[in-house]
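1. The following block contains a protein sequence and its predicted model.
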Amino acid sequence: MSETKKVFIKTYGCQMNVYDSERMADTLAPQGWREAETAEDADLVILNTCHIREKASEKVYSELGRMRVLKAEKAERGEKLLVGVAGCVAQAEGREIARRAPVVDMVFGPQSYHHLPSLIERTGNGARVVETEFPIEDKFDHLAPPSREKTIARGLTAFLTVQEGCDKFCTFCVVPYTRGAESSRPVGRILAEARRLAEAGVREVTLLGQNVNGFHGEGPDGAAWGLGRLCRALAEIPGLDRIRYTTSHPRDMSDDLLAAHRDLPQLMPWLHLPVQSGSDRILAAMNRRHTRDDYLRLIDRIRAARPDIAMSGDFIVGFPGETEEDFRATLSLVEEVGYASAFSFKYSARPGTPAAAEAEQIDEAEKIERLARLQAAIDSETRAFNLSRVGMTMDVLIEKPGRRAGQMAGRSPWLQAVHLEGAADLLGRIVPVRVDAVGPNSLAATLVDAAGSVVAPPLVQPASVGAAT
């Protein structure tokens, strides 16, 4: 394989797709592939797709139209371009993609990324490859770990997939069909990857899974470990100062995980716990297998374990059969919980899911109107939470320079963006700041010392002033 071969991976959707795209690039690296900055500069383009939201397929076909033109242009110059479609759209619609888009050389699902080198080899004689079966082997046993150089380049925070797939079968969701049954990585492999990240300078890791709090990986002792026990082991890794996880299901918040939130300062006080609806009738139709009261009692237990924890959630409006009364129950739940943030979506029928076949679909205009009302309620709660931070001293991980000279930017324990005046040598440090004001999308803060006294910001010289000689 020539050293000049380049791959460009375009990632759609969730954080797990981001992680998967990185692992695909790492798997190709030993075969001589390097990452390209643009599709135009690549010998292989992979679209890593997401199937959760509506019009996902349309976006893929639109991009494939652009790839068709690019492939033809390269062919006129005597150059070859391979095109692959990966991810959840590929898993769900692999044969249809191959039929409709002749530009595609290979289609492969999320469980087949470790086969990439052989898939490319199979296209060498002009064959078109579709691989969307769920293999028996665990892809994580075969995916290459990131190199130290690439790990360093990825910065101070990193995603780390620990669990994949889902057995819940919510009636609106395609994940069980595209990612398969729940599976968890062995603890030893997770800890080894986390140690590599920490050694490369990563200070904060976010554990990923479609149902991450259902984690049940095999531990070094041969027993199945839950997420709480895994977090305790991660907290012992030197340099790994912050731990987060997403996405969770209310039915899998174990007592041990709640205790980990209570006991581990490294486990950030932020929990994304989707509920989807505040109506018991709609929750039942969604097959969520919990009630509104179940959810609220769980929130009480979580807050009892970690009083400073902030809640985030997901909501779907316009689910088939949702009445105004059902929707109002969702609005009242938002107010009762007091979310620090939440994501709201219009229901979109996903092919092959039970809800897509329901007769009582909600009018699009009604969905739009309800979504606007819900988002206004969420925005109000978010602003109230952000305002509650004003005057507070908190620790912020400084991740990058700010937009102007003399400014640095980071994240609070509650995932808020924070800007402050500070020197470049703050980068990578966790420092105390006092929150002074709330902006539209961030907090403005001042650097303080351990005693809470303001630290003078560095002097920023005008650009016209040259260096002293």
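-> Arrived safely, thanks for sending.

2. Can you say which helix or strand has residue 410 in it?
-> strand 407-411 (DSSP states H and E).

3. and that strand, what does it pack onto?
-> strand 393-401, strand 417-421 (3 or more CB pairs under 8 Å, 6 or more residues apart in numbering; DSSP states H and E). Yep, even glycine has a C-beta here, placed from its N, CA and C like the rest.

4. just the CA coordinates of it, formatted as CSV?
-> Taking C-alpha atoms only, strand 407-411 is exported to CSV below (Å, rounded to 0.1, in the frame of the first residue of the first chain):
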residue,chain,number,x,y,z
GLN,A,407,-8.7,35.1,26.8
MET,A,408,-9.0,31.3,27.6
ALA,A,409,-11.9,29.0,27.3
GLY,A,410,-13.0,25.9,29.1
ARG,A,411,-15.8,23.8,30.5
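
5. angle of it against strand 417-421?
-> With axes from the mean of the first three to the mean of the last three CA atoms, to 10 degrees as the basis, strand 407-411 and strand 417-421 are set at 150 degrees to each other.

6. which of the residues in the host helix or strand of residue 328 are buried?
-> Residue 328 belongs to helix 324-337 when assigned by DSSP H and E. Residues of helix 324-337 classed as buried by neighbour count (16 or more other CB atoms under 10 Å): 326, 327, 329, 330, 331, 333, 334, 337.

7. OK, contacts around the fifth one?
-> If I follow you right, that is residue 331. By CB atoms under 8 Å, 6 or more residues apart in numbering, the contact set of residue 331 is 278, 373, 374, 377.

8. let's see it at 6 Å
-> Contacts for residue 331 (CB atoms under 6 Å, 6 or more residues apart in numbering) come out as residue 377.

9. same question, the first one
-> When contacts are counted by CB under 6 Å, 6+ apart, residue 326 is found next to 279, 282.

10. Any figure for the gap between it and residue 402?
-> 44 Å (CB to CB, to the nearest Å).

11. And the helices in the stretch 1-150 of the chain?
-> All helices of the stretch 1-150 of the chain, identified by DSSP state H, counting those that start in this stretch, fall at 15-28, 56-76, 87-100, 116-122, 148-153.

12. what's the angle from the second one to helix 87-100?
-> Put plainly, it is helix 56-76. Going by the same axes, to 10 degrees, helix 56-76 makes 60 degrees with helix 87-100.

13. List the buried residues in helix 56-76.
-> Buried-residue list, helix 56-76, by 16+ other CB under 10 Å: 56, 57, 59, 60, 63, 64, 67, 70, 71.

14. for stretch 361-375, same thing?
-> 361, 362, 367, 370, 371, 373, 374, 375.

15. picking that back up, list just the nearest of the buried residues of helix 56-76 to residue 296.
-> residue 56 (32.6 Å; CB to CB).

16. where in the stretch 351-469 of the chain is pLDDT low?
-> Within the stretch 351-469 of the chain, the stretches with pLDDT under 70 are 456-469.

17. and whichever strand or helix holds residue 176, what does it pack onto?
-> If you go by DSSP H and E, residue 176 is part of helix 175-178. Where contact means 3 or more CB pairs under 6 Å, 6 or more residues apart in numbering; DSSP states H and E, helix 175-178 is packed against helix 87-100.

18. Counting neighbours, which bits of the helix it packs on end up buried?
-> 87, 88, 89, 90, 91, 92, 93, 94, 97, 98.

19. Any chance of the residues you listed in CSV with pLDDT and distance to residue 225 as columns?
-> What follows is those, written out as CSV (pLDDT from 0 to 100; distance: CB to CB, whole Å):
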residue, pLDDT, distance to residue 225
87, 86, 28
88, 82, 27
89, 83, 33
90, 84, 32
91, 83, 28
92, 79, 32
93, 83, 36
94, 82, 34
97, 88, 38
98, 86, 40
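
20. Now the two most distant members of those residues.
-> 88 and 98, at 16.0 Å, using CB to CB across the buried residues of helix 87-100.

21. still on that earlier bit, just give me the closest of the buried residues of stretch 361-375 to residue 409.
-> residue 375 (25.6 Å).

22. I'd like the distance between the closest one and residue 351.
-> 26 Å.

23. any idea what sits nearest residue 267, other than its immediate chain neighbours?
-> residue 243 (5.1 Å; CB to CB, 6 or more residues apart in numbering).

24. now that neighbour, which residues is it bridged with?
-> Residue 243 forms beta bridges with residue 205, residue 267, as assigned by DSSP bridges.

25. Could you pull out the helices in the stretch 151-300 of the chain for me?
-> Under DSSP H, counting those that start in this stretch, the stretch 151-300 of the chain gives helices at 175-178, 187-199, 227-235, 255-263, 280-285, 292-305.

26. got TSV for those helices, with mean pLDDT and distance to residue 122 too?
-> Shown next, in TSV, are those (pLDDT from 0 to 100; distance: least, CB to CB, whole Å):
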stretch	mean pLDDT	distance to residue 122
helix 175-178	85	23
helix 187-199	94	28
helix 227-235	98	37
helix 255-263	98	43
helix 280-285	98	44
helix 292-305	98	48
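
27. thinking again about what came up before, out of the buried residues of helix 324-337, who's nearest residue 309?
-> residue 337 (11.7 Å).

28. Check what pLDDT the closest one gets.
-> Per-residue pLDDT puts residue 337 at 98.

29. and it, what does it touch?
-> So residue 337 contacts 299, 311 (CB under 6 Å, 6+ apart).

30. May I ask which two of the buried residues of helix 56-76 are separated the most?
-> Pairwise over the buried residues of helix 56-76, using CB to CB, the maximum falls at 56 and 71, 22.3 Å.

31. ok so, going back, just tell me which of the helices and strands packed on strand 407-411 ends up closest to residue 28.
-> Using CB to CB, the helices and strands packed on strand 407-411 put strand 393-401 closest to residue 28, at 28.0 Å.

32. what's in contact with the closest one?
-> By CB under 6 Å, 6+ apart, strand 393-401 touches 156, 203-204, 408-412, 418, 426-427, 429-430, 432-434, 452.
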